[in-house]
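Colleague: Below: sequence and its predicted model.
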Amino acid sequence: MARTWGNFFFSLLDYKTEKFVIAKNKKVGVLFRLFQLGLIGYLIGWVFLWKKGYQETEEAIQSSVITKLKGVDLTNSSHYGLQLWGAEDYVIPPQGERIFFIVTNYVVTPNQRLGYCPEVRDRLFLKGTIHFIVVYSGVKAGRCINDTGTCEIHTWCPVEHGQTPSEPLLSKAENFTIYVKNFIKFPKFAFSKSNVLPTTNSTYLKTCRYDKDHHPYCPIFLVGDVINWTGYSFQDLATKGGSIGVGIEWNCDLDKDESQCNPEYSFTRLDSSKNSQNSVTSGYNFRFARYYNDAAGQPYRNLFKVYGIRFDILVNGKAGRFSIIPTVINIGSGLALMGAGVFVCDMILLYMMSKSSFYRETKFEKHLECYKKIFQINAVLLNFVNYNVDKLFSTLIRNIS
Amino acid sequence: MARTWGNFFFSLLDYKTEKFVIAKNKKVGVLFRLFQLGLIGYLIGWVFLWKKGYQETEEAIQSSVITKLKGVDLTNSSHYGLQLWGAEDYVIPPQGERIFFIVTNYVVTPNQRLGYCPEVRDRLFLKGTIHFIVVYSGVKAGRCINDTGTCEIHTWCPVEHGQTPSEPLLSKAENFTIYVKNFIKFPKFAFSKSNVLPTTNSTYLKTCRYDKDHHPYCPIFLVGDVINWTGYSFQDLATKGGSIGVGIEWNCDLDKDESQCNPEYSFTRLDSSKNSQNSVTSGYNFRFARYYNDAAGQPYRNLFKVYGIRFDILVNGKAGRFSIIPTVINIGSGLALMGAGVFVCDMILLYMMSKSSFYRETKFEKHLECYKKIFQINAVLLNFVNYNVDKLFSTLIRNIS
Amino acid sequence: MARTWGNFFFSLLDYKTEKFVIAKNKKVGVLFRLFQLGLIGYLIGWVFLWKKGYQETEEAIQSSVITKLKGVDLTNSSHYGLQLWGAEDYVIPPQGERIFFIVTNYVVTPNQRLGYCPEVRDRLFLKGTIHFIVVYSGVKAGRCINDTGTCEIHTWCPVEHGQTPSEPLLSKAENFTIYVKNFIKFPKFAFSKSNVLPTTNSTYLKTCRYDKDHHPYCPIFLVGDVINWTGYSFQDLATKGGSIGVGIEWNCDLDKDESQCNPEYSFTRLDSSKNSQNSVTSGYNFRFARYYNDAAGQPYRNLFKVYGIRFDILVNGKAGRFSIIPTVINIGSGLALMGAGVFVCDMILLYMMSKSSFYRETKFEKHLECYKKIFQINAVLLNFVNYNVDKLFSTLIRNIS
């Protein structure tokens, strides 16, 4: 028994190789070779060289963005007089977030106090008739004044009704600079980097301005430039406001040197597109108030309706590094697909060639078939021998007798 | 030599097809066909039709969210009197972020001035005994007044100790509207879209309210509705505050038309779940202060402790588009798995059938085995011929002699 | 005809098994078995046990973070006198965001009024010469005073020129506590969890402090600890400010129990690294202003330049759950790779062994080759028989005659 098992395991070490039948059919042969070449070309050229299929990738980038703006503008509004806008005023919020808003235009309603005043309405065209909807309102106080249905409301008076200036009041906003500091990390690969490259020195940082061609890694942007690169002009956005996405793309091949992994910037307008004439969703504004108490302790406020440009720094990225698993998957499944080629070529050979039935018989061995054939052949042979022997004897006997 | 190489390359164009042995065993044959059918069904049905395995997917969606709230409420608090809350007051921060907070309840401690007053303590049950921990404090001034251990502190006096109103003061917050503008981009496919669909016109935008069944693409939400859809009521959240996640899911099949790629909204409460009775983590409040100077230039402030609902617009999405690589991987690995079926069926055929030893012999050809068999057969044949010849001769000789 | 098709389909149920040739070559056999074992070991050990290749993973984690700070500090600045800093003051923004800033140091320029005063300049070394750049500026008013080129500007006067205190004014900020509430969701698996574990009770939450070894799931962090864990000291960051990333990593195997899916915290300094001496990008400060009106209604403001620590809670995570598709892909491509092993072993057997030409002939069956051989053998045999018969006859005839 032990010997039997021993033999069995020993026989496992015999190499078994598949038996092939050579079909001397050049058509199918060339077809199969072309398929093989195509598959190998696809694997090496497309999957490995172009798509880097040997890499494990990570797209869940971790990103931290800090921004800082510089620039000052002096405005003169009819309602509010002279006002100086520093970064602490026109950047909202001021603490340097990833998403920030720059005031470019505004309407101030100064010295509002709680009281009663008529509401403001706006016309709305709905199914052919004109409706009035309340634009900015307080709480209805019950006294309705005239035929338009406008009522007196309990609110901060006077109600805001200033016209938005047709020209941006902060016209120098175009020259403000945005300093973007972006720290990224690919957690899977424990790789981190900053868009302020380690080679950057402090002097360069104080004077450079980003430019795709000349200063692609300078992290300081001119507001006017950014707007122009989206395909719009400062005037388009500054009056009614707008929203701009600043993309930072990190496309890192971690098999190469770290210094090859650099940010690429892109600029898009988010609230509007040149194709659609849908102006409903464009523009950007909001209100905030500064509260004061007068000498008697009574509250009053200045209400600001600010228009401006909202910047959204959108960071995305992909990192790849060699890994055995995707390599095996790509090679393995490519090789497996060769099986599909074999199947197709076999079908052609076995069913679409003139000698197909012959190929079928040789490919598919009916077991014992070989031995049967041998017996048949030998039987023929035997008959032949017997026949000859018989003939010889009969000749012989005839001669003898 | 050149001729030899020529022959070699020429022979490469011969198609070589594997030799198969037909085992006329219907059991294993049916088993193998069932396995093949299952695998093909899995590949076509599950992998390709259901899971769209022919698509390259991207889950790293880039998203920019802008929000705008509308609505006004007038409150009357005992400490602070009448107050009008517009969006500029109850939305924090006011600039229309992805994450925003709506004030629904508040406690004001007006006219605080820097000075000395006793601290406020709260009871804490720890390991059976009562401890007192400082709830809101300043810096200890050294004078401790009584047996409870309460000390005088240097802080803004009077210290906040107002009770949270048991009913939300901003009861109309339920009717505030939230306008959500979401711009998304799948960077891998350079595909971008907004939740304000291009078909939406400005009139619809001014009057519609989101409703899963009737207005699934209206980007304007009623605060009360949103809360109800999470399974809670406005009263549950408004008094002590709460946190709500508004999910926007983009599930885009980019092989279809762009108009098929639409947002789906979902609503969940984030700070509490109905299952867990863990109320520790529920609620949402924070403090902020408004600073004033009196006529003498001395600072004083109004401290607001605001309770309210924090909305977090959580955007996620997945886009897929046909790509050759995942298609090849799925088909290839599926085909390769057929090899596992072959292996199992072979094992059954070769070791678990009554005629197994016979199948083994036919499947595994011991080389020269065939020729050996032929020699054996021929030897038998030869013996037979010799025997007959011998017999014939002996008969002949017997006859002659 | 029907019978023919019936036969065809019936024959499809015959199991066809490949024919193998046993090459009794132990070298190649052992090589192939080693390759097989390696591949199986890789598949089971690396792909399935270590890398959990049977799981579908999701890296697009949805996360909502709420933070709350506690602690008070009293500061005494020469310009501004005593000031009490509560969370409502030193946390910017105060509403408990994922990204927040804690004031640790500041310079106040109180009672600024719009007017005319000389600008402040800073030296910049550029290509060997000293340039002066404007640090904080207003709008040039035209009157330039002296040789340095300093001009009078229209701005808030007096211009900020206070020195940053060399010691952090909020020295107690080290003891402030940060409560982090993180709610996560893996949309693909509809799995959600919070870092405040359901087992946490309210007493524990009021007293615990995070500690990697003893309280790994306590969501309350001491500012000083967090800074120390990044490898820096509070003094390093507090004076000039800095940026700290608090990583929360969720690595969830959803095939296991939900209670096994817990957050892991990590702490890094984002604005500087110990390796690079590039101090350009380190530090963190910004300005904000508090506006007042005097009794005459004239505006003035206090300008704060605040230095401090920016905390960025960076949540990332990965969830995996068993799925048939990656399992099939990994097994399938692994099996397919076995084909590569077969190819290599075949090449060795057929071209690098002493008996290679013999193996080639047995592996690749030239069709009809077998029968030809049989005919050759039989021809030999026939000759032999004929020869013997001839010899017999001639002997016989010789005897007779």
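Modeller: Looks like it came in fine.

Colleague: contacts and neighbour counts: CA atoms only from here.
Modeller: OK.

Colleague: Mind jotting down where the helices sit in the stretch 251-400 of chain A?
Modeller: When secondary structure is read from DSSP state H, counting those that start in this stretch, the stretch 251-400 of chain A shows helices at A:324-351, A:356-363, A:369-400.

Colleague: tell me which residues in the first one are buried?
Modeller: Buried residues in helix A:324-351, counting neighbours by 16 or more other CA atoms under 10 Å in any protein chain shown, are found at A:325-342, A:345-346, A:349-350.

Colleague: Out of these, which are close to chain B?
Modeller: Taking CA under 8 Å from any CA of the partner chain as the test, chain B is in contact with A:I329, A:N330, A:G332, A:S333, A:G334, A:L335, A:A336, A:L337, A:G339, A:A340, A:D346 out of the buried residues of helix A:324-351.

Colleague: nearest to A:L39, of these?
Modeller: Out of those, the one with the shortest distance to A:L39 is A:G334. That distance is 7.0 Å, counting by CA to CA.

Colleague: gap between the closest one and A:F35?
Modeller: Distance, A:G334 to A:F35, using CA to CA, to the nearest Å: 12 Å.

Colleague: Please work out how many residues are found near the residue of the stretch 151-300 of chain A found nearest chain B.
Modeller: Nearest residue of the stretch 151-300 of chain A to chain B (CA to the nearest CA) works out as A:F288 at 4.8 Å. Neighbours of A:F288 under the rule other CA atoms under 10 Å in any protein chain shown: 20.

Colleague: Could you report the pLDDT at it?
Modeller: With respect to pLDDT, A:F288 scores 93.

Colleague: That one contacts A:Y307, doesn't it?
Modeller: No: the pair A:F288 and A:Y307 does not pass the contact test of CA atoms under 8 Å, sitting 11.3 Å apart.

Colleague: Identify the residue of the stretch 301-401 of chain A closest to chain C, quick one.
Modeller: Proximity to chain C, evaluated over the stretch 301-401 of chain A using CA to the nearest CA, is greatest for A:G332 at 4.1 Å.

Colleague: Contacts only, for the residue nearest to that residue when sequence neighbours are not counted.
Modeller: Of all residues not flanking A:G332 in the chain, C:S333 sits nearest, at 4.1 Å (CA to CA, 6 or more residues apart in numbering or on different chains). Under the criterion of CA atoms under 8 Å, 6 or more residues apart in numbering or on different chains, the neighbours of C:S333 are A:V328, A:I329, A:N330, A:I331, A:G332, A:S333, A:A336, B:G332, B:S333, B:A336.

Colleague: Can you tell me which of those is nearest C:E97?
Modeller: The shortest gap between C:E97 and any of the contacts of C:S333 belongs to A:I329, at 42.6 Å (CA to CA).

Colleague: Excluding chain neighbours, what is closest to that closest one?
Modeller: Nearest non-adjacent residue to A:I329 (CA to CA, 6+ apart): C:S333, at 5.1 Å.

Colleague: Also A:V91?
Modeller: That would be A:I102: by CA to CA, 6+ apart, it lies 4.9 Å from A:V91.

Colleague: Dump whichever strand or helix holds that neighbour to PDB, keeping only the CA atoms.
Modeller: When secondary structure is defined using DSSP states H and E, the element that contains A:I102 is strand A:99-118. Only the C-alpha atoms of strand A:99-118 are listed here, as PDB (Å, rounded to 0.1, in the frame of the first residue of the first chain):
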ATOM      1  CA  ILE A  99     -13.900  77.800  -0.500                       C
ATOM      2  CA  PHE A 100     -13.900  81.600  -0.200                       C
ATOM      3  CA  PHE A 101     -15.700  84.500  -1.500                       C
ATOM      4  CA  ILE A 102     -14.300  87.800  -2.800                       C
ATOM      5  CA  VAL A 103     -16.600  90.800  -2.600                       C
ATOM      6  CA  THR A 104     -16.600  92.700  -6.000                       C
ATOM      7  CA  ASN A 105     -19.800  94.600  -5.700                       C
ATOM      8  CA  TYR A 106     -22.300  95.500  -3.000                       C
ATOM      9  CA  VAL A 107     -25.400  97.400  -1.900                       C
ATOM     10  CA  VAL A 108     -25.500  98.700   1.700                       C
ATOM     11  CA  THR A 109     -28.700  99.600   3.500                       C
ATOM     12  CA  PRO A 110     -27.300 101.500   6.400                       C
ATOM     13  CA  ASN A 111     -28.900 102.300   9.800                       C
ATOM     14  CA  GLN A 112     -31.700  99.800   9.700                       C
ATOM     15  CA  ARG A 113     -33.900  99.700  12.800                       C
ATOM     16  CA  LEU A 114     -36.700  97.300  13.700                       C
ATOM     17  CA  GLY A 115     -40.000  98.800  12.800                       C
ATOM     18  CA  TYR A 116     -42.900  98.800  10.300                       C
ATOM     19  CA  CYS A 117     -42.500  99.500   6.600                       C
ATOM     20  CA  PRO A 118     -44.000  98.300   3.300                       C
END
